[in-house]
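Engineer: When you get a sec, could you give me coordinates for this:
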Amino acid sequence: MAQGVSNTLVSVIIVSGGRKDYIEPLLDSIKRQTHNNLQIITIDNSNKNFTYCNALNNGISDAKGEFILCLNDDVLLSAAFIENALKGFDINDKVGMVSGKILRFDKKTIDSTELFLTPWRTAKERGYGRKDVGQFEKNGYVFGVSGAVAFYRRKMLKDIKKMGTVLKGWDSPHFFEYFDSRFGFFYEDLDVAWRAQRMGWKGYYVPSAIAYHLRGGTARVSEGKGKPLARHYISDELHACLIKNRYRTIAKNETMLGFLLHLPFILLYDMLVWFYVLSFKRGVIKCLRATERSFGR
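Structural biologist: Predicted coordinates:
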């Protein structure tokens, strides 16, 4: 690795829900890192005074490092995660997002090998739920990185924070944030990646940087941890966030041409989502109505 990043200060930001059985093992895995020039910022978000994105924004504002690693509290890092992930930033100066192979706690099942934008305008976690048989061992460019273990270059975050001044017509204060504080949970990682891509930044995948994630440990009910079909195991309030934040992400980032080209896929996806909501999750509609005014603009 080039000397430029090998000894640099890395700020690690953890947003915790207050569970010791999560945060203590995570902190232990950070203390065992082979890269030890670290600033650790832990934000206890258990009282829910802030959204998840608000908490991250506060942490980034306090961060001193050139590179910033944002972590859910339900993850663990392999000892060389930070050392190996930093190598991705050395590829070129326009790599602003890096992460690695994220496995489930069984160390056999893939949780994510990073984000890709689908024709349905959703985030695809490559390899999600598949058995790891070495099929994703090649370094390479990706659209974005999973929010559970997201490594960012500070310069990129500063660029997307000032995106509102670059894009004429966007005067909302939320376009001057690192993470859009309206998002709370879900789609915040795709929104950041899409904004970054629009400004010329790239994402990069380093499979030798290995982390472990208890999928749903933060947001799902206990019986839904690690299972597919997340919608079935989250509260109606969070389900409403999932729906709204996809629309927000599209509205903020999609071009008119891109929207028209992908409209059939978007409509098909919406038909399936609303069929599921109307059939099995009618409480979601009440939650959406409760926030209709704040979402409208």
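Engineer: quick one: the lengthiest helix in the chain to chain centroid distance?
Structural biologist: When the chain is parsed with DSSP state H, its longest helix is helix 256-280. Its chain's average C-alpha position is 22 Å from that of helix 256-280, according to Cα atoms, centre = their mean, to the nearest Å.
Engineer: Going by secondary structure, the closest residue in space to Glu254 that isn't next to it in sequence is in what exactly?
Structural biologist: Counting by Cβ to Cβ, 6 or more residues apart in numbering, Glu254 lies nearest to Arg121, which is 6.8 Å off, once chain neighbours are set aside. Every C-beta, even on glycine, is put in place using the N, C-alpha and C of the backbone. Here Arg121, judged by DSSP states H and E, is contained in no helix and no strand.
Engineer: which residues touch Arg121?
Structural biologist: Arg121 makes contact with 246, 249-250, 254, 262, 265-266, 269, according to Cβ atoms under 8 Å, 6 or more residues apart in numbering.
Engineer: which other residues reach stretch 104-118?
Structural biologist: Residues outside stretch 104-118 that contact it (Cβ under 8 Å, 6+ apart): 76, 99, 101-103, 123-132, 136, 142-146, 148, 189-190, 193-194, 203, 205, 207, 212-215, 226, 265.
Engineer: quick one: low-confidence parts of this structure?
Structural biologist: For the chain, applying pLDDT under 70 flags the ranges 1-4, 47-50, 163-175, 216-232, 291-297.
Engineer: Spell out the residue ranges of the helices in it.
Structural biologist: Assigned by DSSP H, the chain shows helices spanning 3-6, 20-31, 52-62, 81-89, 154-161, 163-166, 188-198, 236-253, 256-280, 283-290, 292-296.
Engineer: Angles on the backbone of Asn234, please.
Structural biologist: Quick fix: residue 234 reads Ile, not Asn. Phi and psi for Ile234, reported as degrees, to the nearest 10, are phi -110, psi 160.
Engineer: Quick check: it touching Ala240?
Structural biologist: No: counting by Cβ atoms under 8 Å, Ile234 sits too far from Ala240 to count as a contact (9.7 Å).
Engineer: Using a markdown table, lay out the contacts of Arg121 together with neighbour count and distance to Phe89.
Structural biologist: Output for these, formatted as a markdown table (neighbours: other Cβ atoms under 10 Å; distance: Cβ to Cβ, whole Å):
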| residue | neighbour count | distance to Phe89 |
| --- | --- | --- |
| Arg246 | 22 | 29 |
| Thr249 | 26 | 25 |
| Ile250 | 19 | 29 |
| Glu254 | 17 | 28 |
| His262 | 18 | 31 |
| Phe265 | 14 | 33 |
| Ile266 | 19 | 33 |
| Tyr269 | 17 | 34 |
